[in-house]
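**Student:** Just a sequence and a predicted model for now, questions to come.
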There are 2 protein chains.
Amino acid sequence: MTHTVTEENYIKAIYHLQHIHDKVSTTLLSDEIKTRPASVTDMLKKLRTKRIVNYQRYKGFTLTDIGNKTALTIIRKHRLWEYFLVNKLGFDWDKVHNVAEELEHITSSELIIRLDNYLGFPSFDPHGDPIPDSKGKIKILKQSNIMTLPIKKMVTVSSVKNQSPEMLELLNHFRIGIGTKLKVTKRFEFDGSVEIKIDKQTATIVSKLVAQNVYCIV
Amino acid sequence: MTHTVTEENYIKAIYHLQHIHDKVSTTLLSDEIKTRPASVTDMLKKLRTKRIVNYQRYKGFTLTDIGNKTALTIIRKHRLWEYFLVNKLGFDWDKVHNVAEELEHITSSELIIRLDNYLGFPSFDPHGDPIPDSKGKIKILKQSNIMTLPIKKMVTVSSVKNQSPEMLELLNHFRIGIGTKLKVTKRFEFDGSVEIKIDKQTATIVSKLVAQNVYCIV
DNA sequence: AATATATTTTAGATTTGTCTAAATATTAAT
DNA sequence: ATTAATATTTAGACAAATCTAAAATATATT
């Protein structure tokens, strides 16, 4: 079964929303995709006939097993391309999302097999997000965000939740990236900000918002 | 100025036809693109308003300077991707066209600059076709096809004119590729076929049609 | 439970790129 | 130089994905 680029973008968006909200609504999806709710309804009907979503009018919708599998292959492609862009072409990790957004829709499956092999079968993309393998299987790490970390324990940054360009720019400025080692040295009750030492050296203070979004392996 | 994928395909097709026919007609283009002449007429009007073609109804059309430049950047992308697919991902040279056909429409110009750099600024793609540089400049080689080669002169295969999968499959079978060294040992008047020695070893006979399509540097 | 508010869906229109069939212009042939 | 054949364009329709405005349904409030 093949899908248009638009269909793939809907599938990916539904998958994404299902993992951050326990209920996905037409409005929520329309907001994510930047279309009108009426357009979402039209697309849901189309995806229903393709057996990608379970959908009944006024009763909400979820991805079917097929839909989930499809989403995972799109995400796999996206993250492999991100890995390629950063580790082979030397892009900054905060500049690759939009390009990968286009590359993920290239249809050749041989291309992805070869790309995966060329990259050495990576398990995580440059933002620390897991790359599904060819069967759609994902490696899950036990991670904690900086807010919940014990004091003075050395940890390794493993992923970033909010991946807006603004957030990534900020982290770049702090020299925080995937793999960076750091420890929490102090917490400030007043505003929730946290003092951290990066690579045992410079002490910096990051806001609560940043601390909540940066995840580490303990 | 940005273009849709469809527009880009038209631009590329016009460019291509202009280089193999001295006059390009609506029908010829419709045949190349596999659409109806009526659709071509519609698109020509659209491309005219975008200043990509000079077009007057019933009087034919040509690419403008802008159109030519646009075509060259698309071709540049196509051929860089072909180079990548063959030389980095290990695709066979006869299997890359369709994938490159998709990749050429990825819009990021930074991507192409970085890809070019990553590949070492190649001047020719895996079929021996020149890759326009970032300014659209093309390196031209003096080449002759096997039909016009002097007897017993050692030459190097530099490009293949007809790049249909069938032709490329045939050349693969003969172990003829870009860079292969060969010499003509005999010509047969009867059907125009030619005996060649590849890499000084095996003598093979190729048909007139093959001989006409394989170009070499003398 | 009745009403107000918010959400979702339908109906009908729009844009892009395509099509068919008919009309018009060009080229070739007698 | 007409006529015949061929090529091109117009007119009108269609599918995909979107939109607006109105209708239908669900949820929240009193």
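**Tutor:** Good, I have the coordinates. Numbers count the residues shown, from 1 in each chain, chains lettered A, B, ... in the order given.

**Student:** Can you read off the backbone torsions of A:I140?
**Tutor:** Phi and psi for A:I140, reported as degrees, to the nearest 10, are phi -110, psi 130.

**Student:** now A:T35
**Tutor:** Dihedral angles (degrees, to the nearest 10) for A:T35: phi -130, psi -180.

**Student:** can you count the residues close to it?
**Tutor:** Counted with other C-beta atoms under 10 Å in any protein chain shown, the neighbours of A:T35 add up to 16. For every residue, glycine as well, the C-beta is placed using N, CA and C.

**Student:** do A:D191 as well
**Tutor:** Around A:D191 there are 10 residues (other C-beta under 10 Å).

**Student:** Okay, it and A:K208: tell me how far apart.
**Tutor:** Using C-beta to C-beta, to the nearest Å, A:D191 is found at 6 Å from A:K208.

**Student:** A:I176 - nearest residue in space that isn't next to it in sequence?
**Tutor:** A:V157 (6.1 Å; C-beta to C-beta, 6 or more residues apart in numbering or on different chains).

**Student:** ok now do the residue sitting furthest away from the middle of chain A, which residues does it touch?
**Tutor:** Distance from the centre of chain A peaks at A:F190, with 30.7 Å (C-alpha atoms, centre = their mean). By C-beta atoms under 8 Å, 6 or more residues apart in numbering or on different chains, the contact list for A:F190 is empty.

**Student:** Same check on the one 4 residues further on?
**Tutor:** For A:V194, the set of contacting residues under the criterion of C-beta under 8 Å, 6+ apart consists of A:I146, A:M147, A:V184, A:K186, A:R187, A:F188, A:I205, A:V206, A:K208, A:A211.

**Student:** what's the answer for A:T156, then?
**Tutor:** A:G179, A:T180, A:K181, A:C216, A:I217.

**Student:** Then A:H78?
**Tutor:** Taking C-beta under 8 Å, 6+ apart, one finds A:K12, A:A100, A:E101, A:L103, A:E104 in contact with A:H78.

**Student:** Try it again at 7 Å.
**Tutor:** A:A100, A:E104 (C-beta atoms under 7 Å, 6 or more residues apart in numbering or on different chains).

**Student:** would it count as being in a helix?
**Tutor:** Yes - membership of A:H78 in a helix is supported by DSSP: H, G, I helix; E, B strand; the rest coil.

**Student:** Now restrict the contacts of A:T156 to buried residues only.
**Tutor:** The neighbour count (16 or more other C-beta atoms under 10 Å in any protein chain shown) marks A:T180, A:C216 as buried among the contacts of A:T156.

**Student:** Any chance of the contacts of A:T156 in a markdown table with distance to DNA strand D and secondary structure as columns?
**Tutor:** A markdown table is the format used below for the contacts of A:T156 (distance: C-beta to the nearest atom of the strand, whole Å; DSSP: H, G, I helix; E, B strand; the rest coil):
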| residue | distance to DNA strand D | secondary structure |
| --- | --- | --- |
| A:G179 | 37 | coil |
| A:T180 | 38 | coil |
| A:K181 | 43 | strand |
| A:C216 | 36 | strand |
| A:I217 | 38 | strand |
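
**Student:** of all the contacts of A:T156, which two lie farthest apart?
**Tutor:** Pairwise distances across those (C-beta to C-beta) peak at 11.4 Å, for the pair A:T180 and A:I217.

**Student:** Show me which parts of the helix or strand of chain A with the lowest mean pLDDT are buried, residue by residue.
**Tutor:** Least confident helix or strand of chain A, by mean pLDDT, DSSP states H and E, is helix A:165-174 with a mean of 90. In terms of neighbour count (16+ other C-beta under 10 Å), helix A:165-174 has its buried residues at A:M167, A:L168, A:L170, A:L171, A:F174.

**Student:** distance between that helix and the chain's centre?
**Tutor:** Helix A:165-174 sits 16 Å away from the centroid of its parent chain (C-alpha atoms, centre = their mean, to the nearest Å).

**Student:** and what of stretch A:210-217?
**Tutor:** With C-alpha atoms, centre = their mean, you get 14 Å for stretch A:210-217.

**Student:** and what of stretch A:128-140?
**Tutor:** 11 Å.

**Student:** Using CSV, write down the CA coordinates of it.
**Tutor:** What follows is stretch A:128-140 as a C-alpha-only set of coordinates in CSV (Å, rounded to 0.1, in the frame of the first residue of the first chain):
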residue,chain,number,x,y,z
GLY,A,128,18.5,11.1,21.3
ASP,A,129,15.3,9.8,19.9
PRO,A,130,15.3,6.0,19.1
ILE,A,131,15.5,4.9,15.5
PRO,A,132,13.0,2.0,14.9
ASP,A,133,14.8,-1.0,13.3
SER,A,134,13.6,-2.5,10.0
LYS,A,135,10.9,-4.4,11.9
GLY,A,136,9.7,-1.3,13.7
LYS,A,137,11.3,-2.2,17.0
ILE,A,138,12.5,0.6,19.3
LYS,A,139,15.2,0.6,21.9
ILE,A,140,14.0,2.3,25.1
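
**Student:** tell me which residues in that stretch are buried?
**Tutor:** A:G128, A:D129, A:P130, A:I131, A:P132.

**Student:** Report the separation between A:A38 and A:Q56.
**Tutor:** A:A38 is 17 Å from A:Q56, by C-beta to C-beta.

**Student:** swap that for A:M154, sorry
**Tutor:** 51 Å.

**Student:** Start and end of stretch A:138-155, how far apart?
**Tutor:** By C-alpha to C-alpha, to the nearest Å, the extent of stretch A:138-155 from end to end equals 22 Å.

**Student:** do stretch A:58-74 as well
**Tutor:** End-to-end for stretch A:58-74, by C-alpha to C-alpha: 28 Å.

**Student:** Centre of the chain to that stretch, how far?
**Tutor:** Taking mean C-alpha positions (C-alpha atoms, centre = their mean), stretch A:58-74 and its chain are 17 Å apart.

**Student:** Next, the residue most central in space within chain A: phi, psi?
**Tutor:** For chain A, A:D129 is the residue whose C-alpha lies nearest the centre (C-alpha atoms, centre = their mean; 5.5 Å). Geometry field for A:D129 lists phi and psi as phi -80, psi 140, criterion degrees, to the nearest 10.

**Student:** next one: A:G179
**Tutor:** Torsion angles, degrees, to the nearest 10, at A:G179: phi 100, psi -20.

**Student:** Now do the same contact list for it.
**Tutor:** Contacts of A:G179 (C-beta under 7 Å, 6+ apart): A:T156, A:V157.

**Student:** what does A:P130 give?
**Tutor:** A:S123, A:F124, A:I138, A:K139, A:I140.

**Student:** One more pass at 6 Å, please.
**Tutor:** A:P130 makes contacts with A:F124, A:I138, A:K139, as judged by C-beta atoms under 6 Å, 6 or more residues apart in numbering or on different chains.

**Student:** In JSON lines: the residues you listed, plus distance to B:D65 and secondary structure.
**Tutor:** Putting those into JSON lines (distance: C-beta to C-beta, whole Å; DSSP: H, G, I helix; E, B strand; the rest coil) gives the following:
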{"residue": "A:F124", "distance to B:D65": "47", "secondary structure": "strand"}
{"residue": "A:I138", "distance to B:D65": "50", "secondary structure": "coil"}
{"residue": "A:K139", "distance to B:D65": "52", "secondary structure": "coil"}
